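K.L.:
Need a 3D model of the following:
(one chain, ligands or ions: 1)
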Amino acid sequence: MDGPAAAGKGTLARALAERLALPYLDTGLLYRAVARRVLDAGHDPAAPAEDHAHRIVPQDLQRQDLRTPEVDQAASLVARQPAVRAALLGRQRDFGQALGAVVDGRDIGTVVFPDADMKFFITASTEARAQRRYRQRFGRDCRNAEQLEAETWQIAARDAQDSERANAPLRAAEDALLVETDRLDAGAVLELVCQALHRKG
Ligand code: C5P
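P.N.:
Numbers count the residues shown, from 1 in each chain. Down below sits the predicted model:
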(Lines give C-alpha, C1' and ligand atoms only; values in the text may rest on other atoms or scores of the structure.)
Protein backbone atom coordinates (compact mmCIF):
# COMPACT_ATOMS: atom_id res chain seq x y z
CA MET A 1 0.00 0.00 0.00
CA ASP A 2 1.40 3.30 -1.05
CA GLY A 3 0.15 6.84 -0.90
CA PRO A 4 0.82 10.35 0.38
CA ALA A 5 0.78 11.45 4.02
CA ALA A 6 -2.52 11.23 5.93
CA ALA A 7 -4.42 9.50 3.11
CA GLY A 8 -5.60 6.84 5.58
CA LYS A 9 -3.27 4.05 4.49
CA GLY A 10 -1.95 3.33 8.00
CA THR A 11 -5.44 2.83 9.46
CA LEU A 12 -6.41 0.74 6.47
CA ALA A 13 -3.26 -1.38 6.43
CA ARG A 14 -3.56 -2.14 10.15
CA ALA A 15 -7.22 -3.16 9.82
CA LEU A 16 -6.54 -5.25 6.73
CA ALA A 17 -3.63 -7.04 8.39
CA GLU A 18 -5.87 -7.89 11.32
CA ARG A 19 -8.60 -9.19 9.06
CA LEU A 20 -6.19 -11.31 7.03
CA ALA A 21 -4.21 -12.39 10.13
CA LEU A 22 -1.01 -11.15 8.54
CA PRO A 23 1.82 -9.12 10.08
CA TYR A 24 1.77 -5.38 9.37
CA LEU A 25 4.80 -3.22 8.61
CA ASP A 26 4.61 0.58 8.61
CA THR A 27 7.76 1.41 6.64
CA GLY A 28 7.38 5.14 7.37
CA LEU A 29 8.36 4.30 10.94
CA LEU A 30 11.78 3.15 9.75
CA TYR A 31 12.45 6.52 8.10
CA ARG A 32 11.03 8.29 11.15
CA ALA A 33 13.32 6.32 13.46
CA VAL A 34 16.35 7.29 11.35
CA ALA A 35 15.23 10.93 11.42
CA ARG A 36 14.78 10.77 15.21
CA ARG A 37 18.32 9.49 15.64
CA VAL A 38 19.67 12.21 13.35
CA LEU A 39 17.82 14.94 15.26
CA ASP A 40 18.87 13.52 18.65
CA ALA A 41 22.48 13.58 17.50
CA GLY A 42 22.06 17.25 16.58
CA HIS A 43 22.78 16.54 12.90
CA ASP A 44 21.19 18.15 9.85
CA PRO A 45 18.61 15.72 8.33
CA ALA A 46 19.81 16.72 4.87
CA ALA A 47 23.37 15.53 5.69
CA PRO A 48 24.39 11.89 5.00
CA ALA A 49 22.47 9.66 7.45
CA GLU A 50 23.44 6.17 6.27
CA ASP A 51 25.22 5.31 9.55
CA HIS A 52 22.09 6.12 11.53
CA ALA A 53 20.03 3.93 9.20
CA HIS A 54 22.34 0.97 9.82
CA ARG A 55 22.05 1.42 13.59
CA ILE A 56 18.26 1.21 13.82
CA VAL A 57 17.09 -1.38 16.38
CA PRO A 58 13.51 -2.57 17.05
CA GLN A 59 13.22 -0.36 20.18
CA ASP A 60 13.71 2.73 17.98
CA LEU A 61 10.38 1.95 16.31
CA GLN A 62 8.57 1.91 19.67
CA ARG A 63 9.47 5.48 20.60
CA GLN A 64 6.57 7.82 21.36
CA ASP A 65 8.15 10.86 19.72
CA LEU A 66 8.22 9.70 16.08
CA ARG A 67 5.14 11.59 14.86
CA THR A 68 5.97 15.20 15.60
CA PRO A 69 5.93 17.79 12.76
CA GLU A 70 9.73 18.06 13.12
CA VAL A 71 10.15 14.32 12.54
CA ASP A 72 7.64 14.42 9.62
CA GLN A 73 9.90 16.79 7.72
CA ALA A 74 13.20 15.25 8.82
CA ALA A 75 12.00 11.76 7.77
CA SER A 76 11.18 13.06 4.32
CA LEU A 77 14.69 14.57 4.09
CA VAL A 78 16.57 11.44 5.16
CA ALA A 79 14.32 9.40 2.83
CA ARG A 80 15.72 11.28 -0.17
CA GLN A 81 19.12 9.73 0.39
CA PRO A 82 19.74 6.61 -1.74
CA ALA A 83 22.15 5.19 0.87
CA VAL A 84 19.50 5.44 3.60
CA ARG A 85 16.91 3.76 1.38
CA ALA A 86 19.38 1.00 0.50
CA ALA A 87 20.17 0.42 4.18
CA LEU A 88 16.46 -0.05 4.99
CA LEU A 89 15.49 -2.11 1.94
CA GLY A 90 16.69 -5.51 3.19
CA ARG A 91 14.83 -5.16 6.50
CA GLN A 92 11.59 -4.43 4.69
CA ARG A 93 11.98 -7.38 2.32
CA ASP A 94 12.95 -9.80 5.11
CA PHE A 95 9.85 -8.81 7.04
CA GLY A 96 7.46 -9.32 4.17
CA GLN A 97 8.94 -12.41 2.61
CA ALA A 98 8.85 -14.66 5.66
CA LEU A 99 5.07 -15.03 6.08
CA GLY A 100 3.59 -12.48 3.72
CA ALA A 101 2.50 -9.14 5.14
CA VAL A 102 0.54 -5.98 4.68
CA VAL A 103 3.13 -3.24 4.14
CA ASP A 104 2.58 0.48 3.72
CA GLY A 105 4.83 3.30 2.56
CA ARG A 106 5.68 5.27 -0.56
CA ASP A 107 7.61 2.82 -2.77
CA ILE A 108 6.26 -0.57 -1.69
CA GLY A 109 4.60 -1.46 -5.00
CA THR A 110 7.32 0.11 -7.14
CA VAL A 111 10.59 -0.84 -5.39
CA VAL A 112 10.28 -2.92 -2.21
CA PHE A 113 7.77 -5.53 -3.42
CA PRO A 114 7.34 -5.04 -7.19
CA ASP A 115 5.84 -8.56 -7.36
CA ALA A 116 3.33 -8.10 -4.54
CA ASP A 117 0.12 -10.15 -4.92
CA MET A 118 -1.97 -7.03 -4.70
CA LYS A 119 -1.08 -3.33 -4.76
CA PHE A 120 -3.15 -0.37 -3.65
CA PHE A 121 -2.48 3.34 -4.00
CA ILE A 122 -4.44 5.18 -1.32
CA THR A 123 -4.91 8.88 -1.86
CA ALA A 124 -7.09 11.92 -1.06
CA SER A 125 -7.04 15.65 -1.77
CA THR A 126 -4.50 17.79 0.09
CA GLU A 127 -7.38 19.55 1.90
CA ALA A 128 -8.94 16.31 3.16
CA ARG A 129 -5.58 15.00 4.32
CA ALA A 130 -4.68 18.23 6.11
CA GLN A 131 -8.08 18.17 7.88
CA ARG A 132 -7.44 14.61 9.03
CA ARG A 133 -3.94 15.32 10.31
CA TYR A 134 -5.19 18.46 12.05
CA ARG A 135 -7.97 16.53 13.82
CA GLN A 136 -5.53 13.80 14.87
CA ARG A 137 -3.21 16.37 16.37
CA PHE A 138 -5.61 18.85 17.93
CA GLY A 139 -8.92 16.98 18.39
CA ARG A 140 -12.21 17.07 16.50
CA ASP A 141 -13.52 20.31 17.96
CA CYS A 142 -10.49 22.47 17.40
CA ARG A 143 -11.08 25.49 15.12
CA ASN A 144 -7.79 27.15 14.47
CA ALA A 145 -7.56 28.37 10.89
CA GLU A 146 -3.89 29.25 11.21
CA GLN A 147 -2.99 25.80 12.48
CA LEU A 148 -5.01 24.15 9.72
CA GLU A 149 -3.23 26.25 7.15
CA ALA A 150 0.14 25.26 8.64
CA GLU A 151 -0.89 21.60 8.45
CA THR A 152 -1.94 22.03 4.79
CA TRP A 153 1.35 23.69 3.97
CA GLN A 154 3.38 20.96 5.69
CA ILE A 155 1.49 18.17 3.90
CA ALA A 156 1.93 19.87 0.51
CA ALA A 157 5.65 20.40 1.16
CA ARG A 158 6.16 16.75 2.14
CA ASP A 159 4.15 15.55 -0.90
CA ALA A 160 6.36 17.62 -3.18
CA GLN A 161 9.53 16.37 -1.53
CA ASP A 162 8.42 12.72 -1.61
CA SER A 163 7.11 12.86 -5.20
CA GLU A 164 9.92 14.83 -6.78
CA ARG A 165 12.93 12.99 -5.37
CA ALA A 166 15.05 11.08 -7.86
CA ASN A 167 15.24 7.87 -5.84
CA ALA A 168 12.05 5.79 -5.29
CA PRO A 169 9.64 8.73 -5.57
CA LEU A 170 6.07 8.45 -4.37
CA ARG A 171 4.00 7.17 -7.27
CA ALA A 172 1.42 4.50 -7.95
CA ALA A 173 2.71 1.25 -9.41
CA GLU A 174 1.20 0.62 -12.85
CA ASP A 175 -0.70 -2.38 -11.55
CA ALA A 176 -1.93 -0.71 -8.33
CA LEU A 177 -5.61 -0.19 -7.65
CA LEU A 178 -6.23 3.49 -6.98
CA VAL A 179 -8.42 4.25 -3.97
CA GLU A 180 -9.64 7.84 -3.40
CA THR A 181 -10.60 8.30 0.25
CA ASP A 182 -11.98 11.88 0.27
CA ARG A 183 -15.58 10.76 0.62
CA LEU A 184 -15.07 7.39 2.32
CA ASP A 185 -14.67 6.58 5.99
CA ALA A 186 -12.16 3.99 7.21
CA GLY A 187 -14.74 1.16 7.25
CA ALA A 188 -15.83 1.83 3.67
CA VAL A 189 -12.22 1.87 2.44
CA LEU A 190 -11.53 -1.44 4.17
CA GLU A 191 -14.60 -3.03 2.54
CA LEU A 192 -13.60 -1.74 -0.88
CA VAL A 193 -10.09 -3.16 -0.54
CA CYS A 194 -11.37 -6.50 0.79
CA GLN A 195 -13.77 -6.79 -2.16
CA ALA A 196 -10.89 -6.17 -4.57
CA LEU A 197 -8.84 -8.88 -2.84
CA HIS A 198 -11.78 -11.25 -2.96
CA ARG A 199 -12.27 -10.64 -6.70
CA LYS A 200 -8.62 -11.42 -7.26
CA GLY A 201 -9.02 -14.68 -5.32
O1 C5P B 1 4.32 7.20 6.10
P2 C5P B 1 4.97 8.27 6.94
O3 C5P B 1 4.30 9.59 6.81
O4 C5P B 1 5.14 7.85 8.37
O5 C5P B 1 6.45 8.41 6.32
C6 C5P B 1 7.34 9.42 6.75
C7 C5P B 1 8.26 9.77 5.60
O8 C5P B 1 9.10 8.64 5.31
C9 C5P B 1 7.56 10.09 4.28
O10 C5P B 1 7.22 11.46 4.16
C11 C5P B 1 8.58 9.65 3.24
O12 C5P B 1 9.48 10.68 2.94
C13 C5P B 1 9.35 8.54 3.92
N14 C5P B 1 8.97 7.21 3.43
C15 C5P B 1 9.54 6.78 2.26
N16 C5P B 1 9.30 5.52 1.81
C17 C5P B 1 8.49 4.69 2.48
C18 C5P B 1 7.85 5.13 3.67
C19 C5P B 1 8.10 6.41 4.12
O20 C5P B 1 10.27 7.51 1.61
N21 C5P B 1 8.29 3.45 2.02
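K.L.:
Could you check how far the longest helix anywhere in the chain is from the centre of its chain?
P.N.:
Assignment by DSSP state H gives helix 145-164 as the longest helix of the chain. Relative to its chain's centre, helix 145-164 lies at 15 Å (Cα atoms, centre = their mean, to the nearest Å).
K.L.:
Show me what counts as buried in whatever helix or strand comes next after it.
P.N.:
Moving toward the C-terminus from helix 145-164, the next helix or strand (DSSP states H and E) is strand 177-180. Within strand 177-180, the residues that qualify as buried by neighbour count (16 or more other Cβ atoms under 10 Å) are L177, V179. The C-beta positions use only the backbone N, C-alpha and C, and glycine is treated the same way.
K.L.:
and R14, how many neighbours?
P.N.:
For R14, the neighbour count with other Cβ atoms under 10 Å is 16.
K.L.:
which non-adjacent residue is nearest it?
P.N.:
Y24 (5.6 Å; Cβ to Cβ, 6 or more residues apart in numbering).
K.L.:
So which bits of the longest helix of the chain are buried?
P.N.:
So, applying 16+ other Cβ under 10 Å, buried residues of helix 145-164: L148, E151, T152, Q154, I155, R158, D159, Q161, D162.
K.L.:
Distance-wise, check the residue nearest to A168 when sequence neighbours are not counted relative to T68.
P.N.:
In space, and not counting its chain neighbours, A168 is closest to D107: 3.9 Å by Cβ to Cβ, 6+ apart. Taking Cβ to Cβ, to the nearest Å as the criterion, D107 is separated from T68 by 23 Å.
K.L.:
who has more neighbours, those two?
P.N.:
The neighbour count for D107 versus T68, taken as other Cβ under 10 Å, is higher for D107 (22 against 15).
K.L.:
got a list of what the residue nearest to R14 touches?
P.N.:
A13, R14, A17, E18, A101, V102, V103, D104 (Cβ atoms under 8 Å, 6 or more residues apart in numbering).
K.L.:
Bridged to it, which residues?
P.N.:
Judged by DSSP bridges, the bridge partners of Y24 are V102.
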